[in-house]
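1. coords please:
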Amino acid sequence: MKKLIILILVIGIAALGYWYYKGQKNKKVVEVSPVNKLTEEEMKMTPEQKLGEMNIRLRTAQTALMSFYIDEKRFPEELKELTTPIAYLSRYPTDLFQGGAPLNYQKVSTNHFRVWSVGPDGKDDHGEKVLDEKEGINGLGDMVFSQQGE
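-> Numbering: from 1, shown residues only. Next up is the predicted model:
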């Protein structure tokens, strides 16, 4: 019963992520560098808006990772496994604090992952130094989501 409830929650959150990213598809993209891309809307965001948006993107990635884990009994080696062959994510999640670069991800073990944004300070602490949410945009460290499977 517990697994069924978790599965229903994961599916619901994944559906929200899908609808969010579906809406992002039609937005005009501005090149920041050959690799990094931000939409015009993302470039106009305040630091506070970026912080909120990154929480959504990290939760969406976390939900997709947990869905993958339920199906595969392991976490992926790279986040791009979440887009093919089964689309747990409709597009690769990006980091607004890193100019639209892909989110950072580390498979710690078969049943443990870490996904992070560099956070408002723009410095990649490799998910080791965690941003204190009370400090908000003035804080130092990465925005980190880490979870273990069963």
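2. which other helices and strands contact the longest helix belonging to the chain?
-> For the chain, the helix with the greatest residue count under DSSP state H is helix 47-72. When contacts are defined as 3 or more Cβ pairs under 8 Å, 6 or more residues apart in numbering; DSSP states H and E, helix 47-72 sits against helix 2-24, strand 94-95, strand 112-117, strand 143-148. Quick note: C-beta positions are derived from backbone N, CA and C, even for glycine.
3. out of the ones you listed, which gets the lowest mean score?
-> Here the lowest mean pLDDT among the helices and strands packed on helix 47-72 goes to helix 2-24, at a mean of 58.
4. next SSE downstream of the one helix or strand in the chain whose mean pLDDT sits lowest?
-> Lowest by mean pLDDT, DSSP states H and E among the helices and strands of the chain is strand 29-31, with a mean of 37. Downstream of strand 29-31, the first helix or strand assigned by DSSP states H and E is strand 37-39.
5. what's the next secondary structure element after that next one?
-> Downstream of strand 37-39, the first helix or strand assigned by DSSP H and E is helix 40-43.
6. in that following helix, which residues are buried?
-> Across helix 40-43, burial judged by 16 or more other Cβ atoms under 10 Å covers E42.
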